[in-house]
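Student: Sharing a sequence plus its predicted fold:
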Amino acid sequence: MQPMTHTLDRFSTTTGYIHSVETCGTVDGPGIRFIVFTAGCPLRCLYCANPDCRHLEDGKLVSVDELIDEIQKYTAYMQASGGGVTVCGGEPLFQPQFVREIFRRCKDLNLHTALDTSGFCDLSIAQPVIEFADLVLLDIKSFDPTTYHNVTGVSVEPTLALARYLSQIGKPVWIRFVLVPGLTDDPQNITRLAEFLATLTNIEKVDVLPFHKLGEYKWETLGYEYLLKDTPAPTPEQVNTALEIFRSHNLKAV
């Protein structure tokens with residue numbers, strides 16, 4: 001599958017498809033966050049916790065005005081905690097004009113904005129959205145191209161290109177890396193990712209996220225085959241090994 005190159009012309013700046021919202025999130029960026037889960041995603045990650053976000057038609061069509069009206073109800077909580085608005089998915093860059101307009105309106109309200117993305121799109125699609133994002137949460141599923149393709153069904157190259165661009169412009173980035181035993185936990189894979197990240201100048205931290213099966217029931221409900229049903233969660237020792245590899249390359253890993 002090729003990265004998205006045409007989405008800018010597909011959707012409106014004023015309406016888009018969302019799966020749901022979370023009004024008081026605390027893990028998808030600093031402080032208390034209003035989180036918008038968009039619908040539509042070109043990846044097919046084996047461990048996806050939100051497979052019900054794959055298709056646009058499974059989402060709800062909403063306007064930016066509706067979202068901003070809802071966001072404003074929580075402005076005091078967000079500003080008091082140093083929080084803001086995070087857009088994730090699905091893949092937010094599947095609806096770039098819509099997400100850009102959400103962020104632009106949030107900046108008018110002096111709210112911090114965070115984009116949670118896989119980075120799988122043409123750089124020209126991402127750039128107008130990133131302009132209005134204060135922080136990018138960049139999911140890098142694997143550095144090894146074969147493993148990345150096995151996990152996601154797509155190429156890692158657009159994600160790495162986006163990471164380099166974000167470093168060039170000095171945009172703050174939190175890296176997210178899901179540790180899956182027998183899939184992404186190869187120390188050589190983690191070391192190569194750490195070496196790559198160490199060449200960048202804008203990485204504020206690396207989140208090592210232990211694999212879990214909280215979304216498995218959704219796969220079953222949707223009639224999808226969940227290939228990782230026999231995969232265990234990583235042990236504390238496996239998590240610590242990954243953390244130490246990142247830290248040995250002068251990266252803050254948590």
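Tutor: Nice, I can see it. Worth saying up front: this structure is predicted, and the values here are computed from it rather than measured. Residues are numbered from 1 along each chain as shown.
Student: how about stretch 155-167: buried residues?
Tutor: Counting neighbours by 16 or more other C-beta atoms under 10 Å, one finds that the buried residues in stretch 155-167 are 156, 158, 159, 160, 161, 162, 163, 166, 167. (C-beta placed from N, C-alpha, C; glycine too.)
Student: and the fourth one, how far is that from residue 234?
Tutor: Plainly put, residue 160 is 24 Å away from residue 234 if you go by C-beta to C-beta, to the nearest Å.
Student: likewise the third one?
Tutor: Applying C-beta to C-beta, the value for residue 159 to residue 234 is 22 Å.
Student: ok, now the first one?
Tutor: Counting by C-beta to C-beta, the separation of residue 156 from residue 234 is 21 Å.
Student: ok, then the element right after the strand or helix carrying residue 22?
Tutor: Residue 22 belongs to strand 15-25 when elements are defined using DSSP states H and E. Next along the chain after strand 15-25, taking DSSP H and E as the criterion, comes strand 33-38.
Student: Kindly provide the whole-number mean pLDDT of that following strand.
Tutor: Mean per-residue pLDDT for strand 33-38: 98.
Student: just how off-centre is it within its chain?
Tutor: Its chain's C-alpha centre and that of strand 33-38 lie 11 Å apart, by C-alpha atoms, centre = their mean, to the nearest Å.
Student: And the pLDDT for the closest residue to residue 60 other than its chain neighbours?
Tutor: Of all residues not flanking residue 60 in the chain, residue 18 sits nearest, at 5.8 Å (C-beta to C-beta, 6 or more residues apart in numbering). pLDDT for residue 18: 97.
Student: Would you check how far apart residue 18 and residue 36 are?
Tutor: 6 Å.
Student: Residues contacting whichever helix or strand residue 167 is part of, please?
Tutor: Assigned by DSSP H and E, residue 167 belongs to helix 157-169. Here helix 157-169 makes contact (C-beta atoms under 8 Å, 6 or more residues apart in numbering) with 3, 117-123, 126-127, 130, 136, 138-140, 145, 173, 196-197, 199-203.
Student: Quick one: buried ones out of these?
Tutor: 3, 117-122, 126, 130, 136, 138-140, 173, 196-197, 203.
Student: got a list of what residue 14 touches?
Tutor: Contacts of residue 14 (C-beta under 8 Å, 6+ apart): 63, 64, 65, 98, 101.
Student: before we move on, what about residue 36?
Tutor: 18, 21, 67, 85, 86, 87, 88, 102.
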